[in-house]
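Asks: this one's sequence-less:
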């Protein structure tokens, strides 16, 4: 990689992410017991680096969504390996509960239909 042309994005606390690779440059960070790379950030301990990489390269993480590692390797924080997943789950398995849950998912995530141009 040609470091002369790489622009690092500050994620605070003297930590930087390379948007092209998702690598975080800092003096701190460790793999936690669940396999995620974490670091202290903005006064919080154990913040997932995958969340910081996503926010720095793809934008904020909306409420109700989580960052998923596409290849299931929890320490692989390259931007192309990260995607948002809905974290909502149905309360139970009764059909009425599942229908209610599905309707809420559609209300929250279904895109608005685009108006036709006449």
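Replies: Yep, that arrived. Nothing here was measured: the structure is a model prediction, and the numbers come from that model. Residues are numbered from 1 along each chain as shown.
Asks: Per-residue pLDDT of residue 97, please?
Replies: Predicted confidence (pLDDT) for residue 97: 76.
Asks: Please identify the helix or strand for it.
Replies: Taking DSSP states H and E as the criterion, residue 97 maps to helix 95-109.
Asks: Now that helix: buried residues?
Replies: Within helix 95-109, no residue is scored as buried using 16 or more other Cβ atoms under 10 Å. In short, each C-beta sits where N, CA and C put it, glycine included.
Asks: what about that helix, distance to the chain center?
Replies: Going by Cα atoms, centre = their mean, to the nearest Å, the spacing between the C-alpha centre of helix 95-109 and its chain's C-alpha centre is 23 Å.
Asks: quick one: low-confidence ranges for this structure?
Replies: 1-6, 8, 13-15, 25-28, 88-92, 118 (pLDDT under 70).
Asks: ranges for the helices of it?
Replies: Taking DSSP state H, the helices of the chain run over residues 49-57, 95-109.
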